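**Q** 3D, please:
(one chain, ligands or ions: 1)
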Amino acid sequence: MRRWVLKPGRSGTDALALEQAPIPEPGPGQVRIAMKAASLNYRDLIIANGGYGQSVAADTVAVSDGAGVIDALGEGVATWTVGDRVAGLYFGGWVDGPPKPGMGFGLGSPGEDGVLAEYVVLDADRVARIPRSLDFVQASTLPCAALTAWSALTAEHPVRAGHRVLVLGTGGVSTFALVLARSLGAEVIATTSRESKVSRLRDLGAAEVINYRSTQNWGEVTFSRTGGVNKVINAAGGDAMTQSIMAVGHGGEIAVMGLFSAGDAAPPLPVLMAKGASIRGTSVGSASAFASLVDFIDAKGLVPPVHRRFAFDDARQAYEAQAAPDLFGKIVIEVAP
Ligand SMILES: NC(=O)c1ccc[n+]([C@@H]2O[C@H](COP(=O)([O-])OP(=O)(O)OC[C@H]3O[C@@H](n4cnc5c(N)ncnc54)[C@H](OP(=O)(O)O)[C@@H]3O)[C@@H](O)[C@H]2O)c1
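**A** This next block holds a predicted model:
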């Protein structure tokens, strides 16, 4: 079979190598998945560049997110059947509740093979059913970006009909947050740095779009237009925290997951205090959150925001597209179209 591996000591797309390898056999308690599609996240660029404080020490199959069909069962597996349509779960050992210690950086990171291969073996509890309503290209986008958006919207301070939600930028997490929040009945304000994306955000259901480059006080502007949002999806990072605090309403929540900037400036905590608002760290999500996301997508007939598709051989070009300024939603690599 063919697989894309990250090579130690290299960075960016130079780290990616297309190799032949034996088809893996599932051991006890494991399943083998014939992969159909994989999708990229910003974190795949971080990992290819040796981010998260460590580079791969050995050849590592790239990419966390993918979907396919179970084609072989290891001894003792009773929870799955050959032919089941599944995705790999980003983290292992996280059934529900808050994140668990020591979960690492997910599939396709130092010490853990990913899914950009024709066949992948995973523990039986590391896979989950995908929505019946989605094809494999669409379903491959769910494990990281969609689940992160879903956890941010629904845990702790769940978004309800009539709420207002602010989403930052037009990457995978934010476009999923827009689509999901609209389906939860919320009004969504979106930001982008590019005027060319405004109409696409409106097509996805954004009520208002603010350019965060030309309107640097976008949080204050959001507050003055809305009276404060119930939820901010901060998929940007620390540098966006001050304006996120300005945008959030009284009793609202800023769900933060963005890693584009660490942010050195002290955020205006007195404003946060005066609003009784909170900041919650979000780290992808649990297996039970993924199951509720899958049910929600099926119930609502949601369509993931797929931006571009690439052939398996063109994985390097797919990584370049993930880093390109025209990105709007998800980049998918078709493993077996
Ligand atoms: N903690 C977690 O569990 C978790 C999970 C998933 C993702 N993340 C992090 O969340 C972020 C988003 O991930 P992703 O995969 O959705 O990324 P992505 O698809 O690569 O998003 C790229 C888009 O983000 C927007 N952007 C970039 N810098 C921005 C800024 N300073 N302010 C506002 N928007 C900005 C841009 O939109 P415009 O072109 O419209 O400006 C850009 O097109 C990344 O930092 C990622 O590492 C964390």
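**Q** quick check, D14 in a helix?
**A** Yes: counting by DSSP: H, G, I helix; E, B strand; the rest coil, D14 is part of a helix.
**Q** show me which residues of this structure sit near the ligand.
**A** Residues of the chain found near the ligand (Cβ under 6 Å from any ligand atom) are 41-43, 144-145, 148, 168-173, 192-194, 197, 212, 235-237, 239-240, 257-260, 282-284, 322, 327. In this view, the C-beta of every residue, glycine as well, is placed from N, C-alpha and C.
**Q** filter those residues to the buried ones?
**A** 41-43, 144-145, 148, 168-173, 192, 197, 212, 235-237, 240, 257-258, 282, 284, 322, 327 (16 or more other Cβ atoms under 10 Å).
**Q** spatially central residue in the chain, please.
**A** In the chain, the C-alpha nearest the mean C-alpha coordinate belongs to A145, at 1.3 Å (Cα atoms, centre = their mean).
**Q** so of the residues of the chain next to the ligand, which ones are in strands?
**A** The strands, defined by DSSP state E, take in L168, T192 from the residues of the chain next to the ligand.
**Q** which residues touch the residue of the chain found nearest the ligand?
**A** Proximity of the chain to the ligand (Cβ to the nearest ligand atom) peaks at G171, 1.9 Å away. G171 makes contact with Y42, A145, A235, L327, G329 under the criterion Cβ atoms under 8 Å, 6 or more residues apart in numbering.
**Q** please read off the pLDDT at the nearest residue to the last one once chain neighbours are set aside from the model.
**A** The reference is to G329. Excluding its sequence neighbours, the residue lying closest to G329 (Cβ to Cβ, 6 or more residues apart in numbering) is P305, at 3.2 Å. On pLDDT, P305 comes in at 95.
**Q** just give the number of residues close to P305.
**A** For P305, the neighbour count with other Cβ atoms under 10 Å is 22.
**Q** now R160
**A** 11.
**Q** which SS class is it?
**A** Following three-state DSSP, the label given to R160 is coil.
**Q** quick check: it touching L184?
**A** Yes: the pair R160 and L184 passes the contact test of Cβ atoms under 8 Å, sitting 6.8 Å apart.
**Q** next one: the longest helix anywhere in the chain to chain centre, how far?
**A** Longest helix of the chain, by residue count under DSSP state H: helix 287-300. On the basis of Cα atoms, centre = their mean, to the nearest Å, helix 287-300 sits 15 Å off its chain's mean C-alpha point.
**Q** so what are the sheet partners of the next helix or strand after that helix and their directions?
**A** Using DSSP states H and E, the next helix or strand after helix 287-300 towards the C-terminus is strand 306-311. According to DSSP bridges, strand 306-311 forms sheet pairs with strand 330-334 (parallel).
**Q** residues in contact with the residue nearest to V63 when sequence neighbours are not counted?
**A** With Cβ to Cβ, 6+ apart as the criterion, V63 has its nearest non-adjacent residue at 4.0 Å, and that residue is L116. By Cβ under 8 Å, 6+ apart, the residues touching L116 are R3, W4, M35, A38, V61, A62, V63, G66, G108, A315, I333, V335.
**Q** how many other residues sit next to the fourth one?
**A** Other residues near A38 number 36, with proximity taken as other Cβ under 10 Å.
**Q** and the stretch of helix or strand it belongs to, which strands flank it?
**A** Using DSSP H and E, A38 falls within strand 30-40. Paired with strand 30-40 in the same sheet, following DSSP bridges, are strand 65-73 (antiparallel), strand 119-123 (antiparallel), strand 330-334 (antiparallel).
**Q** which one of those strands lies closest to E156?
**A** strand 65-73 (24.3 Å; Cβ to Cβ).
**Q** counting by contacts, list what the very next helix or strand once past the closest one packs against.
**A** Counting by DSSP H and E, the next helix or strand C-terminal to strand 65-73 is strand 85-88. Judged by 3 or more Cβ pairs under 8 Å, 6 or more residues apart in numbering; DSSP states H and E, strand 85-88 is in contact with strand 30-40, strand 65-73, strand 127-129, helix 136-139.
**Q** what about the longest one, average pLDDT?
**A** Across strand 30-40, the average pLDDT comes to 98.
**Q** residues in contact with W80?
**A** W80 sits next to V31, I70, L73, V86, A124, V127 when contact means Cβ under 8 Å, 6+ apart.
**Q** just for this structure, where's the confidence low?
**A** Counting by pLDDT under 70, the chain shows low-confidence ranges at 264.
**Q** and with 50 instead?
**A** Under the criterion pLDDT under 50, no range of the chain is flagged.
**Q** per-domain residue ranges of it.
**A** Domains of the chain are assigned by automatic domain parsing as 2-144+285-334, 156-281.
**Q** neighbours of M1, just the number please.
**A** Counted with other Cβ under 10 Å, the neighbours of M1 add up to 14.
**Q** and the closest residue to it other than its chain neighbours, how far from W150?
**A** Closest residue in space to M1, ignoring its immediate chain neighbours: E118 at 4.0 Å, by Cβ to Cβ, 6+ apart. According to Cβ to Cβ, to the nearest Å, E118 stands 29 Å off from W150.
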